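>>> sharing a model that was predicted from the sequence below.
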Amino acid sequence: MRVLGSTEEGVGASAPLLTARAVGWSIDGQRILEPLDLDLQEGECLAVIGPNGAGKTTLLRLLAGLLEPTDGRLAWRAAAYADLSRREMARRVAYVPQVRPANLPLTVEQMVLLGRYPHLSPWQMSPGAADLERVDHALTTVGLEALRRRPVDTLSGGERQSVFIAAALAQEAEVLLLDEPTTHLDARHQLEVTRLLGSVRRSGRHSIVLTTHELNLAAKLADRVIALRDGLVAATGPPSEVLRPDPLGEIFDAPFSVVTEGDRSHVVLRLER
């Protein structure tokens, strides 16, 4: 594990999908994210953790191309982000934000079909057979094919989250960027979304970058963890090295303990009286 440094190179020998070199972001003279380096490899799952206000969502929005870096350079393989159109970016990177509209007057199928927009030609008036096939596949993957005609507004929190993930899958992007995918979900729906992401992870069709406050989610899914604090990289490495009481205690300024159950151990926040 590397502490108080820039992020380490991604695993594997192949060329990374995404690269960030000295990428940072400021607004109105205030530094939100200090310059950092990052490589994301094909098939890799990267979890970004840290306290509120650490810069996690900012990093994700930069990787999605929704924010332009005030420092450094982002690239998709050898192509600079600045040289790619919005449509080209959307074919490569799918972003599932944490905050979404409260009211969505669409059915599940219509919402997932929006993920096909980057693949429609300028002269295409309606989705074709290939687009509908990708929607069917995405709905089957997330287990919502029986709810395709239901209005999104009538779904539970976990079902709604699965709809947005399905739209990202229908987009056929190689990289999925997920901002707090289990936030505001109860325990059962957290488990359902975690299982879904595990299935997506095992398919090997996507690289994943997710931000999360759920350390168990990071431990279960991630190949690598980046911890941010005050816009700086506080630690980076495999979950077994970063998700330990001492590093987490420094990152979150809170006490953590290791709990062992059978042959498994995990780190939990220690609530002191």
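It's in. Numbering: from 1, shown residues only.
>>> so after the helix ranked longest in the chain, what's the next helix or strand?
As assigned by DSSP state H, the longest helix anywhere in the chain is helix 187-203. Per DSSP states H and E, the first helix or strand lying C-terminal to helix 187-203 is strand 207-211.
>>> low-confidence ranges, the stretch 151-273 of the chain, go.
Applying pLDDT under 70 to the stretch 151-273 of the chain flags the ranges 272-273.
>>> burial of the residue lying closest to residue 136 once chain neighbours are set aside, as a residue count?
Computed as Cβ to Cβ, 6 or more residues apart in numbering, the closest residue to residue 136 that is not its neighbour in sequence is residue 145, at 7.2 Å. In this view, the C-beta of every residue, glycine as well, is placed from N, C-alpha and C. The tally of other residues near residue 145 (other Cβ atoms under 10 Å) stands at 16.
>>> and if you look at residue 169?
Residues near residue 169, counting by other Cβ under 10 Å, number 25.
>>> which SS class is it?
The three-state label given to residue 169 by DSSP: H, G, I helix; E, B strand; the rest coil is helix.
>>> list the contacts for it?
Neighbour list for residue 169: 94, 115, 137-138, 141-142, 176, 200, 206 [criterion: Cβ atoms under 8 Å, 6 or more residues apart in numbering].
>>> and the angle for the longest helix of the chain with strand 207-211?
For helix 187-203 against strand 207-211, the angle by axes from the mean of the first three to the mean of the last three Cα atoms, to 10 degrees is 150 degrees.
>>> what residues of helix 187-203 count as buried?
Buried residues in helix 187-203, counted by 16 or more other Cβ atoms under 10 Å: 189-190, 192-194, 196-197, 200-201.
>>> sorry, back to before: if you look at the contacts of residue 169, which of them are in strands?
In strands, defined here by DSSP state E, the members of the contacts of residue 169 are 94, 176.
>>> rewinding a little: for the longest helix of the chain, name the packing helices and strands.
On a contact count with 3 or more Cβ pairs under 8 Å, 6 or more residues apart in numbering; DSSP states H and E, helix 187-203 meets helix 129-142, helix 157-170, strand 207-211, helix 215-221.
>>> what about the helices in the stretch 1-150 of the chain?
Applying DSSP state H, counting those that start in this stretch to the stretch 1-150 of the chain gives helices spanning 56-63, 86-92, 108-113, 129-142.
>>> rebuild these as TSV, extending it with mean neighbour count, distance to residue 20 and mean pLDDT.
Formatted as TSV, the helices of the stretch 1-150 of the chain follow (neighbours: other Cβ atoms under 10 Å; distance: least, Cβ to Cβ, whole Å; pLDDT from 0 to 100):
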stretch	mean neighbour count	distance to residue 20	mean pLDDT
helix 56-63	23	7	97
helix 86-92	16	15	91
helix 108-113	22	30	94
helix 129-142	17	28	92
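>>> and those helices as TSV, adding distance to residue 237?
Formatted as TSV, these follow (distance: least, Cβ to Cβ, whole Å):
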stretch	distance to residue 237
helix 56-63	17
helix 86-92	27
helix 108-113	36
helix 129-142	31
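>>> out of the ones you listed, flag the one nearest residue 100.
Nearest to residue 100 among those is helix 108-113 (10.4 Å), distances taken as Cβ to Cβ.
>>> residues touching that closest one, excluding its own?
Helix 108-113 is contacted from outside by 104, 127, 131-132, 135, 138-139, 144, 147-152, 155, 163-164, 166-167, 170, using Cβ under 8 Å, 6+ apart.
>>> now which of these would you call buried?
By 16+ other Cβ under 10 Å, the contacts of helix 108-113 give 104, 127, 131, 135, 138-139, 144, 147-148, 152, 155, 163-164, 166-167, 170 as buried.
>>> out of those residues, who's nearest residue 48?
Proximity of these to residue 48 (Cβ to Cβ) peaks at residue 164, which lies at 18.5 Å.
>>> nearest residue to the closest one other than its sequence neighbours?
Of all residues not flanking residue 164 in the chain, residue 96 sits nearest, at 5.0 Å (Cβ to Cβ, 6+ apart).
>>> mind listing the residues bridging to the one you found?
Beta-bridge pairing for residue 96 (DSSP bridges): residue 178.
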